[in-house]
Each structure stands twice: as C-alpha cells, then as structure tokens.
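Chemist: Return a 3D structure for these sequence lines:
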Amino acid sequence: SVSRGGFLAASAATSAAAALTPQAAAGRPGSLRMRWYGGGVYELAAPGDRAIVLVDAWIWNNTGFTAFGIPKPPELASAAAYAAHLKARTSGPIVVALTHDHGDHMGDYFELLSTLTAAGLDVKTVGQSDLMRVGLVQHFHAANLDPAQIILNNGSGVNMGGTAHYKGLGFELVPAVHSTEAGFPSAGFIIDVGGVRVYASGDTDLFGDMALIGKRYQPDLAVVSSGNGAFTMGPEDAASACAMVGVGHAVPVHYAHNPAVIGTQCGELFRAAMSRLAPSTSVTVFKPGQAATITVMTAARPERSTVT
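Modeler: Model (predicted):
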C-alpha cells in the first residue's frame, strides 16, 4: 500500500523534477549557520553573523532540552544572557519571524523583542498581517514596543503572497495547515538569508500545495515540523513534504519538547524516511543547542518583483 505522503510525493515528482533540473545545472554553493533551540524554534545566520533570523521565539522557557538530557547553555537561559550573546556576535539586523501564536512558538516573544531593543540591537519582527495588526497589537503596546517601528512593512507584517525585506533579508508568507489561538492564519515562511533560500514550514500537516511552494519559490533548504503526536505531520509525511518541495537539504524540528509529540528518535526516523522518499536530499539532524554550517547548491532563481 502507498501512504498518503508517498502518494502526494509521487504525484508531485514529475513537476518537481522538471523544476529542479535547471536549478541543479545553474546552482552555486551557498551557506548559512543554523542552530536549533528545541521544539520548532531555531536560528538562521548569514556567514559572519552579518544578519540573523530567529524563527519563532521560545528560548529560555523552551523545554526541548529535557528529553535529550542536555543542560541548556547559559546564553539561552535568560533574556538578558541571550541579548548579551547576540550583541557579542553581531551589529547587523536581527528579524524574528513568527509563524503563529501558540506558546511553544511565541512564549518568549515580547520579552525577547523588548530585551533586544533595550540592548540596542537592530531587531525587527514579521508575521501574518492580521495577527500583527489586530491580534497582537495591544501586547506590543503593553511591552512598550511601537508596532510601526518594530514590525516590518511599517507595522503591517505580511500576508499570503506578500513580501517583506530588511537589510538584505527577505520574507514571503506561505500557507501552513494548522491552527492559532487568536484565529488568524498559521503560516510558514520563505526566508532569504545570506544568499540561501529557506522553506520554514512552521507547524503544519502535509498538503498538496507544498509542490507549488517548491515550484514557485525554489528553496534550497527546508526546515520542517516532524513530531506528529497531537499537533503536526510526522517524520514520514515531513519527508514527503521535502520531496514535494524539491530541496537539496532538509532539517527536522518540532519534536521531543513535550510528551504529546514523538521523542528524541524522531530525527533519525525522519532521516530514514528521507533515504526512501528523497534519497538525493542531504539531511542534518540537530540536538538542542547544537549549531552547524549548512552548505547547499543554491538555485538559479529569477528575481521576484518587490515594492521598496
């Protein structure tokens, strides 16, 4: 029998292959540094830390280290320590890309933004436009943050199909099949950082338009939720998602951070599924707190029109 993910991946194979063939011929090496903070939260940094993207904001309260038996590094243990850590690394832009409003994604969000701002760091945030402009606006004001200043696009954020740019970083919002507490759309991102394009799935199930995301945006790296349990797709479907998107490198996240999701074995389950469903795709499996440089062959993509 064929699994749901296998069927969707197979049905998308022809179009994905057609899209990827010219990319492989015209690609060039690119790299970024990724660090997993546990759960669905991670950092993407351009070479030399000249720009940093944080996907979601649950850091010092993140419970993702416990199941691995790994002590949380001191720089991730408090808002002040984390701000000092970033300040020692970069004077460049830092953008927090918020996928949705569940606690394991934004539990430290406002404290993070306030602390980094107070430390003099060049920090901005981006998220779904109505979540930013309506759902969270009172919380921004309560944290003494001006939405028009700290949210990209002058406080508007982005909606599906929209774009946001800040000092060489690029963000486009893409769908995710998930829920939110406030009722605004959950989302993923296409993120351009340091010349590498990343598909950040956010919390999601597998869905057929992932093939369209691959064809439309041609990402180089996918970071995908894979913990299954009560909340998202599992490792098999996450591997199918990567096959459909057609990336050259993939990383699983969103597991082992609470009892309702798959535990520490999830990363290797994902790697095994990738070896069957997308054997030409490289896989990196992190432990919480671990960082690594990921090198990819970037796609030769046409320039997308933007408003500046």
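Chemist: Would you map the helices across the stretch 151-300 of the chain?
Modeler: 210-217, 235-245, 266-277 (DSSP state H, counting those that start in this stretch).
Chemist: Which helix or strand in the protein has the lowest average pLDDT?
Modeler: Taking mean pLDDT, DSSP states H and E as the measure, helix 4-26 is the helix or strand of the chain with the lowest mean score, a mean of 45.
Chemist: What helices and strands are in contact with the next helix or strand after that helix?
Modeler: Downstream of helix 4-26, the next assigned helix or strand under DSSP states H and E is strand 28-38. Counting by 3 or more C-beta pairs under 8 Å, 6 or more residues apart in numbering; DSSP states H and E, the packing neighbours recorded for strand 28-38 are strand 41-45, strand 196-200, strand 249-253, strand 291-298. The C-beta positions use only the backbone N, C-alpha and C, and glycine is treated the same way.
Chemist: returning to that earlier point: please identify the most buried of the helices of the stretch 151-300 of the chain.
Modeler: Compared across the helices of the stretch 151-300 of the chain, helix 235-245 shows the largest average neighbour count, a mean of 29 (mean count of other C-beta atoms under 10 Å).
Chemist: in this protein, what spans have low per-residue confidence?
Modeler: 1-26, 303-308 (pLDDT under 70).
Chemist: circling back to that earlier point, would you mind putting the helices of the stretch 151-300 of the chain into TSV with distance to N159 alongside?
Modeler: As requested, the helices of the stretch 151-300 of the chain are arranged in TSV below (distance: least, C-beta to C-beta, whole Å):
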stretch	distance to N159
helix 210-217	16
helix 235-245	21
helix 266-277	30
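Chemist: For the helices and strands packed on strand 28-38, state which one has the densest average packing.
Modeler: strand 249-253 (a mean of 27).
Chemist: Not counting sequence-adjacent ones, nearest residue to the residue nearest the centre of the chain?
Modeler: Centroid check for the chain by C-alpha atoms, centre = their mean gives A200 as the closest residue, at 3.3 Å. Spatial nearest neighbour of A200, chain neighbours left out: F189 (4.5 Å); criterion: C-beta to C-beta, 6 or more residues apart in numbering.
Chemist: can you tell me how far the one you found sits from L116?
Modeler: In this view, F189 and L116 are 19 Å apart by C-beta to C-beta, to the nearest Å.
Chemist: Mind checking which of those two has more residues around it?
Modeler: Neighbours per residue (other C-beta atoms under 10 Å) separate F189 from L116, with F189 holding more: 26 against 23.
Chemist: Just confirm the more buried one contacts L98, I think it does.
Modeler: No. Using C-beta atoms under 8 Å, F189 makes no contact with L98, being 9.4 Å away.
Chemist: can you map out the strands along the stretch 101-250 of the chain?
Modeler: Secondary structure of the stretch 101-250 of the chain (DSSP state E, counting those that start in this stretch): strands at 122-126, 163-166, 169-175, 187-193, 196-200, 221-225, 249-253.
Chemist: Name every strand pairing with the second one and say which way it goes.
Modeler: When you say that, I think you mean strand 163-166. strand 169-175 (antiparallel) (DSSP bridges).
Chemist: what's the partner strand in contact with?
Modeler: 51, 53, 93, 95, 97, 126, 128, 152, 158-165, 185, 187-193, 199, 207, 209, 213, 217 (C-beta atoms under 8 Å, 6 or more residues apart in numbering).
Chemist: Cheers, nothing more for now.
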